[in-house]
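*Asks:* dropping a prediction and its sequence here:
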Amino acid sequence: MILQGRGISRGVGKGPLLIGPDPISFLSGVDPETGIVLEPGHPLQGQDISGSVLAFEYGKGSTVGSYILYALSRNGHAPAAIINQEAETIIAVGAIMGKIPMVDRIGIPLSDLKSGQMVEVDGTTGNVTMIE
Amino acid sequence: MYLTPEEEAILNGEEGETRQQLMEILVGVGKVFGADEMVPVRSAQVSGASYKTIGEWGLEWLRGLHARASVPAVLNPVGMDRIRWEEMKIEPEFAKKQLEVIRSYEALGIRLECTCTPYYLYITEYGDHLAWSESSAVSYANSVIGARTNREGGPSALAAAIIGKTPKYGLHLVENRNPQLHIRVLDEPDNPDASWYGALGFLAGKISGNRIPLFSGIRPGRDQLKNLGAAMAATGAVALYHVQGITPEARVFNYASAGLEEFVIEAKEVEKLFINEIPDAVAIGCPHCSPEELDYIAGLLEGCMVKRPLYIFSSRDVINRQSDSVRKIEQSGARVYADTCMVVSPALERYGKIMVNSGKALSYVPTMCGAGAVIGTTKACIDAACTP
C-alpha cells in the first residue's frame, strides 16, 4: 500500500512506525544524546525514537527544537523519517537541517497506522510505502 | 508553490549544498504557510545569534554552512558587547563560545552588528519586503515604516539572508494587514515622553494578543512608536499595528474603526504604571537607542555623575555616529554598550530592582533577569541614576 502525502524534507528513510500520536516538543522533550522521549506524560515517554519512522500530529514548544533534531541526526539518534499530520516550522526546519526525510498530509488519521509496521518514506515525492 | 527556474536550480543543488539546504528551508516554510511563491527581500535580521539559545549544536550547524549573504543582513542582540564583554563581567568561557557564533555568521557574510534596530543601519522603505526576526524590529518595520515582514525564526532568516528571498505569506500580503480591533486612547497628555507610549503598549499588547490593533486618540513620533510597538510585541504578539492619521498604511488606506471590536485605554491607567521607587540600577535602550535618544540622554547627564549603575544600549553603528554624545554619557560614569541589552544580557542579573524607560523591558526584565522592574520617563531614569 502506498499513501500519497506532501514532501517537506527530501530523501528516503525506512524503519518501523512509531506512533506519537500527540504533539512533540523536541527542546527538553527529547534527549538529543540518546533519542529517548523525556516529556512526562507523553504517550512515548521513555521510548527511543532512533531509527524509527516517527508519526505524530505536529511539533510544539520552542523553535530551538529545530536544533535538537539536527543534534539527534549528528548523534546518530534521529528518526529514519518523520510523518506529521500537519507540518509546522519547528519540525519542518529541523528535519531539513538534520537531513531527516519528512512528509505530512498523508490523507488518513495517524491512528489508522500500525505501530511497528515497516514503512519507507520518500520526502521528495511525499510517498509513504508499507513494506511486506 | 511556484518556483522560478533559478529557484528550482538552487533546490536541485546546482549552486552547492548550503544553498540547496537553505532553499529547502524556505520552500518548507512556504509549504507550511501555504505560500504561492517567493518574494525578494531587501534585508534580513537573523535570530539564533545567542550561544545560550542555539548551543553547541547550533554552532556546529552554522560551521557546516558555506555560502555568502546576498542581501544586507545583521544579527539579533546577544548576551554581551562583543568588544567590551570583560568590562560587563561576562564569564570568559561564555564569551569565547558567543564570539565563535558571531564569527560563524561573519563567515556567512552577515554584518558584525547585533541589534534590534536594523532600521537605523539600512534604508528601509514603505512596501519593502524583509526577513527580520526580532519582535520589536518586525513591529517597527511593518507599522512605522510600512515595510512587510513576518517574524522569522533563526534558520529561515539566515536562509533569506543567503538566498535573498522569503516565502510570500502572512504579512507580506496586503490583504492580511488590515486592523482587527480598535483601541481608543483617551486624554493623551501633551508631548509625553517615549516611555509613556511604552506603558501604553504594555497595556495594549495584553488586549491585542496576536491581532492587529488600530489606535485612535494618539499622535506619537518615531521614537514613541518604537516604544509602543516593542511593548505590544512583548505583552502580546503584535507584529503590526496602525495609528489613525500617523502610520503610513493608516494614512494610505484610511482604515475605519467602525465595525471593529473597540477597547478604551484612559491616560490615568497608563500613568498608574509609573511608580516612584529607588532602583539598584538603571537601563535605557530597549529597543536600542536612536541617534536622537543618545543626544537627549547626553544632554540630561550634563554636569552630573551617576551614583548607581546606568546602562545605555544601542547599535555599534549608531554609537560610532554619535561619538560626541557617547563620550559625554560615559564621562558621567554611565556605560554605553553595543550588541546587547538588559533583556538578553546576564550582566544585569545581579541587581534587585532595575529602572527602565521601556514597556518591553518592564515586561521582560522580571522573567529574563530575575530582577524587579519599574518604569519611569527617560528624565526620571537619569535623575534616579544621579541621585545619591
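*Replies:* Yep, it's here.
*Asks:* mind checking how far the nearest residue to B:Cys114 once chain neighbours are set aside is from chain A?
*Replies:* Computed as CB to CB, 6 or more residues apart in numbering or on different chains, the closest residue to B:Cys114 that is not its neighbour in sequence is B:Asp339, at 4.0 Å. C-beta coordinates here come from the backbone N, C-alpha and C atoms, glycine included. Look at B:Asp339 and chain A: by CB to the nearest CB, to the nearest Å, they are 21 Å apart.
*Asks:* nearest residue to the middle of chain A?
*Replies:* Taking CA atoms, centre = their mean, the centroid of chain A lies closest to A:Ile82, which sits 2.6 Å from it.
*Asks:* list the contacts for that one?
*Replies:* Contacts for A:Ile82 were tallied using CB atoms under 8 Å, 6 or more residues apart in numbering or on different chains; they are A:Ser9, A:Val53, A:Leu54, A:Ala55, A:Phe56, A:Ile91, A:Ala95, A:Ile100, A:Pro101, A:Met102, A:Val103, A:Val121.
*Asks:* possible to save those residues as JSON lines with distance to B:Lys31?
*Replies:* Listed next are those as JSON lines, based on distance: CB to CB, whole Å:
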{"residue": "A:Ser9", "distance to B:Lys31": "10"}
{"residue": "A:Val53", "distance to B:Lys31": "20"}
{"residue": "A:Leu54", "distance to B:Lys31": "19"}
{"residue": "A:Ala55", "distance to B:Lys31": "18"}
{"residue": "A:Phe56", "distance to B:Lys31": "18"}
{"residue": "A:Ile91", "distance to B:Lys31": "12"}
{"residue": "A:Ala95", "distance to B:Lys31": "12"}
{"residue": "A:Ile100", "distance to B:Lys31": "16"}
{"residue": "A:Pro101", "distance to B:Lys31": "15"}
{"residue": "A:Met102", "distance to B:Lys31": "11"}
{"residue": "A:Val103", "distance to B:Lys31": "11"}
{"residue": "A:Val121", "distance to B:Lys31": "16"}
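*Asks:* out of those residues, which are close to chain B?
*Replies:* Among these, the residues lying close to chain B (CB under 8 Å from any CB of the partner chain) are A:Ser9, A:Ala95.
*Asks:* now the closest residue to B:Arg316 other than its chain neighbours: how far from chain A?
*Replies:* Spatial nearest neighbour of B:Arg316, excluding adjacent residues (CB to CB, 6+ apart): B:Ala338 at 4.0 Å. B:Ala338 is 25 Å from chain A, where distance means CB to the nearest CB.
*Asks:* is B:Ala338 in contact with B:Ile312, as I believe?
*Replies:* No: with contact defined as CB atoms under 8 Å, B:Ala338 does not reach B:Ile312; the gap is 10.1 Å.
*Asks:* and the strands in chain A?
*Replies:* A:2-4, A:6-9, A:12-19, A:53-56, A:81-84, A:102-104, A:118-122, A:127-130 (DSSP state E).
*Asks:* could you look over the ones you listed and pick the most buried one?
*Replies:* Most buried of the strands of chain A by mean neighbour count (mean count of other CB atoms under 10 Å in any protein chain shown) is strand A:81-84; its value is a mean of 29.
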